[in-house]
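J.: 3D model of this:
(one chain, ligands or ions: 2)
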Amino acid sequence: MFCVKDFEAAAREKLDPVHADFIAGGARDEITVRANEEAFARLRLLPRVLRGRAVPGLDVTLLGGHARLPVLLSPTAFHKLVDPEGELATARAAAAAGAVMIASMASTVAVGEIADAARAAAGPGETVPLWFQLYLQPDPEITEALVRRATDAGCTALVVTVDSPVLGASERNRRNGFHDLPAGLRCENLVDLRDGEFGHVRQIAMSPEFSWEHITWLRSVTELPILLKGVLHPEDARLAVRHGVSGLLLSNHGGRQLDTVPATLEALPAIVAAVAGRIPVLLDGGVRRGTDAVKALALGARAVGIGRPVMWALAADGEKGVRRLLELLREEIEDALALCGAAGLDELTPDLVRPAWSGPLFGGAVS
Ligand SMILES: Cc1cc2nc3c(=O)[nH]c(=O)nc-3n(C[C@H](O)[C@H](O)[C@H](O)COP(=O)(O)O)c2cc1C
Ligand SMILES: CC(C)CC(=O)C(=O)O
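T.: Ligands and ions are numbered 1, 2, ... in the order given. Okay, here's the model as predicted:
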């Protein structure tokens with residue numbers, strides 16, 4: 001395995017095609033799925049030379065916690081669908097790399113067990129690099145119970161996904177008849193939230209009725225920092241700051257919710273301008289290379305998230321696969337930083353990126 005795409009191919013070989021489609025797929029025509037990667041390809045890096053810089057370091061502070069890599073594992077559901085150890089394997093690999101893992105509310109291992117696995121694999125003295133992703137639930141008691149589970153597990157932030165007033169329509173899943181976890185797998189965080197609840201994915205209610213008031217309410221029932229995942233409009237970014245949100249994970253859900261929204265990289269400059277340094281902006285969607293991470297960081301993201309690559313690596317080779325994936329991304333980012341003449345992430349500035357040239361050849365200089 002030498003790059004993210006190798007994991008994608010290996011996962012395709014191994015997985016039930018229905019499950020491979022669940023991972024790769026997006027909403028409707030999958031225009032945004034493709035746009036995310038294309039946006040990175042359209043941007044060029046403009047390196048500086050002879051800057052006398054030290055070997056690059058990748059340490060980053062995220063919400064007051066320390067991470068050794070500016071790459072987060074974005075929340076992805078159902079890891080046991082692709083590996084028998086599921087989220088335990090992912091958590092160990094993430095902790096070993098010093099990368100933040102955002103556990104999905106729809107994980108197939110309970111968040112407390114994920115945290116134990118992460119703690120056991122983290123470096124000495126390191127805090128558990130684990131955050132919890134939450135879909136607000138119409139019944140506030142259910143939301144509170146989930147927050148309690150995450151807090152008791154030792155998660156250090158909540159990531160509230162706000163781009164899902166309804167579930168995105170994956171036509172691949174519809175054609176394949178994939179609506180449910182196979183027998184034997186459950187959404188473990190959902191078990192017994194109410195008496196007799198079994199951990200069925202259908203217990204996750206999505207509702208268009210949530211509003212900023214619910215964020216204010218959530219702010220009042222937890223001490224944990226709250227990030228919003230899925231804000232794309234600059235006005236919503238400003239509202240998030242006003243509602244006491246601690247950070248944004250700029251995301252279009254990997255193109256799995258509303259199709260034809262902008263690539264996250266395209267949306268980044270306006271979001272960064274809207275928050276004006278008041279809270280950190282993270283970004284996910286289409287990050288496949290170290291150079292992709294460097295471009296997003298240069299445009300103002302504090303860190304980037306990866307979704308599908310983690311599922312592919314886990315499917316290809318379990319914990320070892322995810323460890324290798326994170327090593328490869330570390331190498332690629334270090335390499336890109338050095339080649340840009342930057343000694344650290346804070347030396348990545350917007351002048352290092354520019355759009356691919358779209359003007360006429362020779363720019364009219366030749367008559
Ligand atoms: C298989 C899969 C499951 C996902 N599950 C969740 C989830 O449970 N909660 C959530 O907020 N986002 C979920 N996402 C979206 C990711 O968190 C992330 O935004 C997206 O995958 C990033 O794009 P990328 O896959 O191109 O890296 C999921 C994505 C995939 C591919
Ligand atoms: C609805 C969740 C269970 C999973 C999700 O967010 C996704 O598959 O994109």
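
J.: please list the residues of this structure that sit near ligand 2.
T.: Selection of the chain residues close to ligand 2 by C-beta under 6 Å from any ligand atom yields 77, 106, 167, 201, 204, 253, 256. The way it works is simple: take the backbone N, C-alpha and C, and place the C-beta from them, glycine included.

J.: Cys187 is in contact with the fifth one, correct?
T.: Which is Ile204. Yes. Shown here, Ile204 and Cys187 form a contact pair, counting by C-beta atoms under 8 Å, at 7.4 Å.

J.: compare these two and say which is more crowded by neighbours.
T.: Between Ile204 and Cys187, counting by other C-beta atoms under 10 Å, Cys187 is the more crowded of the two (24 against 17).

J.: the more buried one is in contact with Arg202, isn't it?
T.: No. With contacts counted by C-beta under 8 Å, Cys187 stays clear of Arg202, the gap being 9.4 Å.

J.: among the residues of the chain next to ligand 2, which ones are in helices?
T.: Using DSSP state H, no member of the residues of the chain next to ligand 2 sits in helices.

J.: tell me the buried residues within those.
T.: 77, 106, 201, 204, 253, 256 (16 or more other C-beta atoms under 10 Å).

J.: would you mind giving the residues you listed as a markdown table with pLDDT added?
T.: Output for those, formatted as a markdown table (pLDDT from 0 to 100):
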| residue | pLDDT |
| --- | --- |
| Ala77 | 98 |
| Ala106 | 98 |
| Val201 | 94 |
| Ile204 | 96 |
| His253 | 98 |
| Arg256 | 98 |
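
J.: most widely separated two among these?
T.: Spatial extent of these (C-beta to C-beta) is set by the pair Val201 and His253 at 16.1 Å.

J.: list residues touching both of Ile204 and Cys187?
T.: Shared contacts of Ile204 and Cys187, defined by C-beta atoms under 8 Å, 6 or more residues apart in numbering, comprise 105-106.

J.: give me the three-state assignment for Asp314.
T.: No, residue 314 isn't Asp; it's Leu. helix (DSSP: H, G, I helix; E, B strand; the rest coil).

J.: check it and give its pLDDT.
T.: The score at Leu314 is 99. That number is its pLDDT.

J.: list the contacts for it?
T.: 79, 82-83, 89-90, 321-322.

J.: let me know the closest of the residues of the chain next to ligand 2 to Gly344.
T.: Nearest to Gly344 among those, with distances taken as C-beta to C-beta, is His253, at 30.5 Å.

J.: how many other residues sit next to the closest residue in space to that closest one that isn't next to it in sequence?
T.: Spatial nearest neighbour of His253, chain neighbours left out: Asp163 (5.3 Å); criterion: C-beta to C-beta, 6 or more residues apart in numbering. Counted by other C-beta under 10 Å, the residues lying close to Asp163 total 17.

J.: hang on, Asp163 in a strand?
T.: No. Asp163 is assigned coil when assessed by three-state DSSP, not a strand.

J.: quick one: contacts for it?
T.: 229-232, 251-253, 257-258.

J.: got a markdown table for those, with distance to Gly64 too?
T.: A markdown table is the format used below for these (distance: C-beta to C-beta, whole Å):
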| residue | distance to Gly64 |
| --- | --- |
| Lys229 | 19 |
| Gly230 | 23 |
| Val231 | 21 |
| Leu232 | 26 |
| Ser251 | 21 |
| Asn252 | 27 |
| His253 | 26 |
| Gln257 | 29 |
| Leu258 | 32 |
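
J.: among those, which one sits closest to Ala301?
T.: Using C-beta to C-beta, the contacts of Asp163 come closest to Ala301 at Ser251, 11.1 Å.

J.: and the gap between the residue nearest to His253 and Val261?
T.: Remark: distance between Asp163 and Val261 (C-beta to C-beta, to the nearest Å) = 9 Å.

J.: what touches both of those two?
T.: Counting by C-beta under 8 Å, 6+ apart, the common neighbours of Asp163 and Val261 are 232, 252.
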